[in-house]
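1. coords below, sequence missing:
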């Protein structure tokens, strides 16, 4: 008789866990609070437009790479068309574009030299190391051979285990120093993470899947269903049932569910502290909470446009003529992205723009019980963003057909993510040296999955965590793990 596995969450990690559980002889059932799958990897329709708050590029989109094989196992990339990026992003000032971050390393080198020929030595060192990062093929299983091949990469990651701002400070030219920090160091994460990402995109990985988030998720959902997996949508988990230090089921709003194992592909903080009451804590958990920093809360302003806005770069950092204040976090620059290249995002002849801003969870949380104040604040932010865009591109305001503002509370409501974070722990120097287990000490039959288990986040991280959770389950059940039918 098949052993039953209950999986909390139908995001990327939960669907991946479900697929691998089915492949290894378990009967999986996913419990999802929403009516659709995806978690953070989601999009939604608004008056003919599609607003997508997740996918910009997929690590593992390069055929032949190990991560591509992972996505093949999950049914996510077969038949999917990808669009490779030529430009990572741009920076503009009042007069126009001042810096273009090309994905081609030699074009990037030339652009940096254009701004700062006096910094040739540092520019050459950084660009040559991006090429070294590009040679890394991310492993799916850390075999002895994978670990041996990863030794040169470990040296690179150690070399750049510093904030982007620290690396940028090595440039003597102020214009290049500012451009590098602004374009590549949005949250001042680890420089290693940034250069590794640039290495991936330089060889064609990290390409954008046309159609965006939801088709990717639906393909995984279909793969899971064909393997016999089940999903219980619209069911909110309220607790994890524990008997004699064994996880035996879930308490939901609809009643209790029982199983031989639980995979919590859910918010890590909710799982450990709310559902388990903090009784089973990973070693040095409190110290870890003081060392690590969640990815910051974001505020997104989506604009459904009457035109395709083809004169707007696909990604550009804009100066605001005056500080935009998205919830007591003043910012002088806006990240503007154009999605008109994807026909799935808008009706013919129209387009979608998205402005991303750092924001304050604390501020928005203070408006949780004040609906009128919450809506007024969203309207204020939308107005300030439109004012900033109008100053940079005259006529933008008149072309706006639909406005949608997504706050940290929106992220929290949809995903349950702690403090409205959009993708787990920020990849800092401290985070890169911290290891999070996918089990909890003293508690058996519970396995963790999701972006919180590894710094940096991302769809590939979520998928890998679901795979690893089932591998650990197979180890405990003395079942030989397999990844294919």
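-> Good, I have the coordinates. The model shown is predicted, which means the values in this text are computed figures rather than measured ones.
2. From residue 382, how far off is residue 445?
-> 47 Å (C-beta to C-beta, to the nearest Å). Quick note: C-beta positions are derived from backbone N, CA and C, even for glycine.
3. Actually, residue 7.
-> From residue 7 to residue 382 the distance is 37 Å (C-beta to C-beta).
4. cool, and residue 453?
-> 35 Å.
5. Of these two, which one has the most company?
-> Relative neighbour count places residue 453 above the other of residue 453 and residue 382, with 21 against 18, counting by other C-beta atoms under 10 Å.
6. Verify the stated contact: that one with residue 438.
-> Yes: counting by C-beta atoms under 8 Å, residue 453 touches residue 438, with 5.9 Å between them.
7. what's the overlap in contacts for those two?
-> When contacts are counted by C-beta atoms under 8 Å, 6 or more residues apart in numbering, residue 453 and residue 438 are jointly contacted by residue 465.
8. Out of the helices and strands in the chain, which is least certain?
-> The weakest-scoring helix or strand in the chain, judged by mean pLDDT, DSSP states H and E, is helix 144-149 (a mean of 56).
9. Look through this structure and tell me its longest helix.
-> helix 371-392 (DSSP state H).
10. any idea of the mean pLDDT for that one?
-> The pLDDT scores in helix 371-392 average 92.
11. Next: stretch 31-49.
-> Mean predicted lDDT for stretch 31-49 stands at 95.
12. distance between that stretch and the chain's centre?
-> In terms of C-alpha atoms, centre = their mean, to the nearest Å, the centre of stretch 31-49 is found 15 Å from the chain centre.
13. Report how far apart the opening and closing residues of that stretch are.
-> 29 Å (C-alpha to C-alpha, to the nearest Å).
14. likewise stretch 232-249?
-> 14 Å.
15. all helices for the stretch 151-300 of the chain, in order.
-> Using DSSP state H, counting those that start in this stretch, the helices of the stretch 151-300 of the chain run over 151-159, 164-168, 174-184, 191-202, 213-226, 268-269, 285-291.
16. Which of these sits closest to residue 466?
-> Proximity to residue 466, assessed across these by C-beta to C-beta, is greatest for helix 213-226 (9.9 Å).
17. Who are the packing partners of the closest one?
-> The elements that helix 213-226 packs onto, with contact taken as 3 or more C-beta pairs under 8 Å, 6 or more residues apart in numbering; DSSP states H and E, are helix 12-23, strand 230-232.
18. Now the shortest one: buried residues?
-> Within strand 230-232, the residues that qualify as buried are 231-232, counting by 16 or more other C-beta atoms under 10 Å.
19. got the contact list for residue 378?
-> 405, 407.
20. try residue 249
-> 6, 240-241, 256-259, 262.
21. Just give the number of residues close to residue 56.
-> A count of nearby residues for residue 56, using other C-beta under 10 Å, gives 14.
22. Just give the number of residues close to the closest residue in space to it that isn't next to it in sequence.
-> Distances taken as C-beta to C-beta, 6 or more residues apart in numbering place residue 208 nearest to residue 56, at 6.6 Å, with adjacent residues excluded. Neighbour count for residue 208, taken as other C-beta under 10 Å: 20.
23. likewise the one 5 residues further on?
-> Using other C-beta under 10 Å as the criterion, residue 213 is surrounded by 23 other residues.
24. so it touches residue 55, yeah?
-> Yes: counting by C-beta under 8 Å, residue 213 touches residue 55, with 4.7 Å between them.
25. list residues touching both of those two?
-> residue 41.
26. circling back: of the contacts of residue 249 - the most surrounded one?
-> residue 262 (29 neighbours).
27. pLDDT at that one, what is it?
-> 98.
28. quick one, what contacts the residue lying closest to it once chain neighbours are set aside?
-> Excluding the flanking residues, the one nearest residue 262 by C-beta to C-beta, 6+ apart is residue 247, at 4.5 Å. Contacts for residue 247 (C-beta under 8 Å, 6+ apart) come out as 240-241, 261-262, 443-446.
29. Dig out what residue 247 forms beta bridges with.
-> residue 242 (DSSP bridges).
30. Count the neighbours of residue 1 for me.
-> 4.
31. And it, how far from residue 58?
-> As defined by C-beta to C-beta, residue 1 lies at a distance of 38 Å from residue 58.
32. how's the protein carved up into domains?
-> 4-43+65-79+212-292+427-477, 104-202, 298-415 (automatic domain parsing).
33. Which among the ones you listed is found nearest to residue 483?
-> Nearest of the domains of the chain (C-beta to C-beta): domain 4-43+65-79+212-292+427-477, 5.1 Å.
34. Between its first and last residues, what's the separation in the closest one?
-> Domain 4-43+65-79+212-292+427-477: ends 12 Å apart by C-alpha to C-alpha.
35. next one: stretch 99-109
-> For stretch 99-109, the end-to-end distance is 12 Å (C-alpha to C-alpha).
36. what do you get for stretch 25-45?
-> 37 Å.
37. buried ones in that stretch?
-> For stretch 25-45, by 16+ other C-beta under 10 Å, it's 26-34, 36-44.
38. same question, stretch 338-353
-> Residues of stretch 338-353 classed as buried: 338-340, 342, 345-346, 350-353 (neighbour count, 16+ other C-beta under 10 Å).
39. Next: stretch 58-76.
-> In stretch 58-76, counting by 16+ other C-beta under 10 Å, buried: 58-62, 65, 67-71, 73-76.
40. what do you get for stretch 304-323?
-> Quick answer for stretch 304-323 (16+ other C-beta under 10 Å): 304-305, 307-309, 312-320.
41. possible to save those as CSV with pLDDT, secondary structure and distance to residue 331?
-> As requested, the buried residues of stretch 304-323 are exported to CSV (pLDDT from 0 to 100; DSSP: H, G, I helix; E, B strand; the rest coil; distance: C-beta to C-beta, whole Å):
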residue, pLDDT, secondary structure, distance to residue 331
304, 97, strand, 23
305, 97, strand, 23
307, 94, coil, 26
308, 93, coil, 27
309, 92, coil, 22
312, 93, coil, 19
313, 93, coil, 19
314, 94, coil, 21
315, 94, strand, 17
316, 94, strand, 15
317, 92, strand, 11
318, 89, strand, 11
319, 82, strand, 10
320, 71, strand, 7
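42. if I pick residue 27, what's in contact with it?
-> Applying C-beta under 8 Å, 6+ apart to residue 27 gives the contacts 2-5, 21, 228, 230.
43. Between those residues, which sits nearest residue 418?
-> Distances from residue 418 to the contacts of residue 27, taken by C-beta to C-beta, are shortest for residue 5, at 24.4 Å.
44. now that closest one: how far from residue 294?
-> 28 Å.
45. ok so, going back, include mean pLDDT and distance to residue 466 when you put the helices and strands packed on helix 213-226 into a markdown table, please.
-> Below are the helices and strands packed on helix 213-226 laid out as a markdown table (pLDDT from 0 to 100; distance: least, C-beta to C-beta, whole Å):
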| stretch | mean pLDDT | distance to residue 466 |
| --- | --- | --- |
| helix 12-23 | 98 | 3 |
| strand 230-232 | 98 | 14 |
